[in-house]
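Trainee: I'll drop the sequence and a predicted model, then ask my questions.
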Amino acid sequence: MKPAPVERRAPTFARIVAGELRRGGRGARRVLAFCGLCTPWVVGALLLAPRLAAAQTAPAATNTCVACHTTQQDQRVATPAALFSGSDVHRENGFKCADCHGGNPAATDKARAHDPAQQFKGRPAGQAIVGTCARCHSDATFMRGFAPRQRVDQATEYAASVHGQQLAKGDHNVATCASCHGAHGIRRVSDAKSPVFPTNVANTCATCHADTTRMRGYKRPDGSPLPTQQFADFQKSVHYATLTKGHDLAAPTCNDCHGNHGAAPPGVGSVANVCGTCHAIFAQKFASSVHKDIFDKGCVECHSNHAVLKPSDDMLAATGHGVCATCHNADDKADKGAAAAVAMRSDIERLKTGIERSGALIGQIKKAGIEVSDQQLALREAGTKLTLARTEMHAFAPPQVASVVAEGDTIIAAVDKAGQNGVVELRYRRRGLFISLGAILFVVAAIGLKLRQIEQRTKN
Amino acid sequence: MNLGTWLDERLDLSGVRHFIAEKGVPVHTQKIWYYLGGMTLFLFGVQIFTGILLLLYYRPSASEAYESVQFIVTQVQFGWLIRNVHSWSANLLIGLAFAHFFSVFFLKSYRKPRELTWLSGILLLFLMLGFGFSGYLLPWDELAYFATKVGTGIAGAVPVVGHFTLRLLRGGDDVTGATLSRFYGLHVAILPAVTTALVALHLLFVQRQGMSVPLSIERKLKPGERLPQMRFFPNYILRDVLAWYVVLAVLAALAAFYPWELGTKADPFAVVPPGIRPEWYFLATFHTLKLLPSHVLGVEGEQLGVMAFGMAAVFLILVPFLDRRASRGEPSRLFTVLAALALVYLVTFTIIGHYAK
């Protein structure tokens, strides 16, 4: 139950005092005498007031609901009480069972505690769960006292979601607030143990969406059965690997594409926009491409949706396992798309091979002691050009890719030249060393001969 | 009139001529050790020569030091050679200085009347280590930066004056450009001046007292018997020069085939890279300190270690005065064992420290 707002009254005493003092005379003297008498009491009251107020607003020392429920043999009623007594964001903020379930938490017997006259509601279900949560979470004024930055439109979003729409139709099998956040023992979203913490979201969604029995009967807008392999697909994806193995919480999980409270499939036409939330430049290039109006499912056509694998250059091919081969035929000379794929791939491969070759050369002369930090920097720059070329490829315009690759080729040519100079320098150094060693050896031999000569002369 | 006569007329070099003509070096089975000192001296000369050349381009500031070394090895004609020779020569110099030190220790050449020669030699060894420590930071690369941080941190563990020493070395609480300036001043001005003076004194002692005959050989001589002598000039000097040329050949090969790598520029905000360790000649000390428990009998382990090394240094200085038997010309097995233990400890801990993670 939400606390009632406090009514404020006008300070009439101050007005009386001010009026008497303005008028002067006996009234004023009385006012001053009155003040002298009252001041110690007023000061004392002011000092005590915060403590008294705190005592009034503090949570009740005993919560008979928890005390009684935790002792029950029936786990259906004991477990929620135990969970609520543990880590629960609501209990930690001073809320009690009665705030959601109603009833009288001060009563010591079940009949009075569960008295319907005390708004006892028992266990909310379906829409009642949403309503119970929304009473506070949709009230901006109330939430400001606890989490001022938290959004308060979850219930509105939920109503627009597939879950909310199904619930409105009377389907009580769909997820409500408690299905994802839990009903008792609710943790903050930032808590790694929360079922809606980024690394746990997919598992939480999979609880229902990977359950074939539960999903039976649900259909997609095109009438086909709702699939249940999304979680298995997602586990193969680069996103899942980044999130769970790379520990990068910025990597997307279910709610980043589908929304959380307003969960729904992004819709065929919106896929590129959804992917573009993170992959902005790719989306921009794709938007300018010939494929924009041809690909019904946008990015998904080549990259899949849940099972987004780590992309490779092999995808850009109109033969074999190349994704272009799905629509294009490299054997067909009139197929412009296939020709474009071949042109872009050959440009990218040329730059890639150039970087590898130059890298090996630079590595070789570095190992021999030539300073190559400038060349290493240039190679990194060439690597950036390769990445840019791969990005540019999403516009599916070979001249644009060729232009970026040409910049990379120029860098590689300069690195190659420096590398060749390094090889020449190395040969020069070694030649110099052997000449120096020869000279040293000559002097050593000369000294040795001289010594022998001197010592023989001394002996004689 | 030749130059010698011209000088002789003005300076009367008869004393010097007499000294050169008369000076001899004892010939015996252990005479090979005599050359270590000369080789160390030669490398000190190489260091001065290459160091002066490096000074022409080196810039001692945190923002320019690394780039200036990079410039030396990439743009300056033979800059790479000068830097490589300087770096390798520094390491060979310390290695030979240690070898010279142990040869003198084992042969008991420190005994009366050569206490002062030993004392100046030990101080020179410490100065060489100081050269190595201060020079290591000068390229301002990542490894050197963090190793200096650790090294100066160890100096901070010295009881009573530790914090003062740390701040004195670093020029503040942390290793910064101020540390680089101090190390530069130390490396190119203070240490060379002191070392040159001490080297002159060391050589003066050696020349004045002549080469020491190992105790074991001296004891075998009959009363009044004298070891055969080799003329200092030109016989010994030519042998010395021959040894120098061999060192020069080794130095050239090392500089050409194993160039001294210049790592990445030091970044004080970077995460400490793995495998931070000092130069090989500090590895034994560093690894010992690493192995010490955090507290020993209520005293901080590192502090105890630093105190122990300090006492060992004092002990080394006092060796000629403590080894009374050697002074009397009697066999001194205890000090031979101590020298052997010190050698085994240094070699073992340097190897362990090198491979330790």
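Mentor: Done, it's in.

Trainee: Touching, residue A:252 and residue A:279? I think so.
Mentor: No. Counting by Cβ atoms under 8 Å, residue A:279 is not a contact partner of residue A:252; they are 10.1 Å apart. Heads up, the C-betas are built off the backbone N, CA and C, glycines and all.

Trainee: Tell me which of the two has more neighbours.
Mentor: Between residue A:252 and residue A:279, counted using other Cβ atoms under 10 Å in any protein chain shown, the more crowded position is residue A:252 (21 against 17).

Trainee: residue contacts, that one?
Mentor: With contacts defined as Cβ atoms under 8 Å, 6 or more residues apart in numbering or on different chains, residue A:252 is in contact with A:239, A:243, A:278.

Trainee: pLDDT wise, what is the nearest residue to residue B:8 once chain neighbours are set aside at?
Mentor: If the residues on either side of it in the chain are set aside, residue B:8 comes closest to residue B:14, at 7.4 Å by Cβ to Cβ, 6 or more residues apart in numbering or on different chains. On pLDDT, residue B:14 comes in at 89.

Trainee: how close does residue B:14 get to residue B:6?
Mentor: 15 Å (Cβ to Cβ, to the nearest Å).

Trainee: Going by proximity to chain A, name the top residue of chain B.
Mentor: Across chain B, the shortest distance to chain A (Cβ to the nearest Cβ) belongs to residue B:259, at 2.5 Å.

Trainee: Give me every residue in chain A lying close to chain B.
Mentor: Within reach of chain B by Cβ under 8 Å from any Cβ of the partner chain, chain A has these residues: A:368-371, A:373-374, A:429-430, A:432-433, A:436-437, A:440-441, A:443-444, A:447-448, A:450-451, A:454-455, A:458.

Trainee: if we go to 6 Å?
Mentor: Residues of chain A found near chain B, taking Cβ under 6 Å from any Cβ of the partner chain as the criterion, are A:369, A:371, A:429, A:433, A:436-437, A:440, A:443-444, A:447, A:451.

Trainee: Cross-reference those with the strands and report the matches.
Mentor: In strands, defined here by DSSP state E, there are no members of the residues of chain A next to chain B.

Trainee: Going by distance to chain B, which of those residues wins?
Mentor: Sorting these by how near they are to chain B, with Cβ to the nearest Cβ, puts residue A:369 at the top with 2.5 Å.

Trainee: mind listing the helices for the stretch 251-400 of chain A?
Mentor: Listed in chain order, the helices found in the stretch 251-400 of chain A under DSSP state H, counting those that start in this stretch are A:254-258, A:271-276, A:280-287, A:300-303, A:336-367, A:373-392, A:398-459.

Trainee: Lowest average pLDDT across those helices?
Mentor: helix A:271-276 (a mean of 83).

Trainee: Show me what that helix is packed up against.
Mentor: Applying 3 or more Cβ pairs under 6 Å, 6 or more residues apart in numbering or on different chains; DSSP states H and E, one finds that helix A:271-276 makes contact with helix A:280-287.

Trainee: Against which helices or strands is the helix it packs on packed?
Mentor: Here helix A:280-287 is seen to pack against helix A:271-276 when contacts are counted using 3+ Cβ pairs under 6 Å, 6+ apart.

Trainee: Which residues outside the helix it packs on are in contact with it?
Mentor: Contacts of helix A:271-276 with the rest of the structure, by Cβ atoms under 6 Å, 6 or more residues apart in numbering or on different chains, involve A:257, A:266, A:283, A:286, A:297-300.

Trainee: out of the residues you listed, which are buried?
Mentor: Burial of the contacts of helix A:271-276 was assessed by neighbour count (16 or more other Cβ atoms under 10 Å in any protein chain shown); the buried members are A:257, A:266, A:283, A:286, A:298-300.

Trainee: export those to CSV and tack on distance to residue A:414?
Mentor: Formatted as CSV, those follow (distance: Cβ to Cβ, whole Å):
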residue, distance to residue A:414
A:257, 43
A:266, 45
A:283, 33
A:286, 33
A:298, 39
A:299, 36
A:300, 41
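
Trainee: Can you pick out the most distant pair from the residues you listed?
Mentor: Using Cβ to Cβ, the buried ones among the contacts of helix A:271-276 reach their maximum pairwise distance at A:257 and A:286, which is 16.2 Å.

Trainee: So what does residue B:265 look like in phi/psi?
Mentor: phi -60, psi 140 (degrees, to the nearest 10).

Trainee: I figured it hits residue B:66, correct?
Mentor: Yes. The pair residue B:265 and residue B:66 passes the contact test of Cβ atoms under 6 Å, sitting 4.3 Å apart.

Trainee: Stretch A:403-422: which residues count as buried?
Mentor: A:404-405, A:407-409, A:411-412, A:415-416, A:418-419, A:422.

Trainee: and residue B:230, helix, strand or coil?
Mentor: strand (DSSP: H, G, I helix; E, B strand; the rest coil).

Trainee: which residues touch it?
Mentor: Applying Cβ under 6 Å, 6+ apart to residue B:230 gives the contacts B:25, B:27, B:236.

Trainee: Run through who's touching the host helix or strand of the first one.
Mentor: When you say that, I think you mean residue B:25. Using DSSP states H and E, residue B:25 sits in strand B:24-26. With contact meaning Cβ under 6 Å, 6+ apart, strand B:24-26 is reached by B:211, B:213, B:227, B:229-230, B:232, B:236.

Trainee: The residue of the stretch 51-200 of chain A found nearest chain B and residue A:88: what is the separation?
Mentor: Of all residues in the stretch 51-200 of chain A, residue A:192 sits closest to chain B, at 23.8 Å by Cβ to the nearest Cβ. Here the distance between residue A:192 and residue A:88 works out to 16 Å (Cβ to Cβ).

Trainee: So those two - more neighbours on which side?
Mentor: Legend: neighbour count by other Cβ under 10 Å for residue A:192 and residue A:88, higher for residue A:88 (16 against 10).

Trainee: pretty sure the more buried one is touching residue A:185, no?
Mentor: Yes. Applying Cβ under 6 Å, one finds residue A:88 in contact with residue A:185, separated by 5.3 Å.
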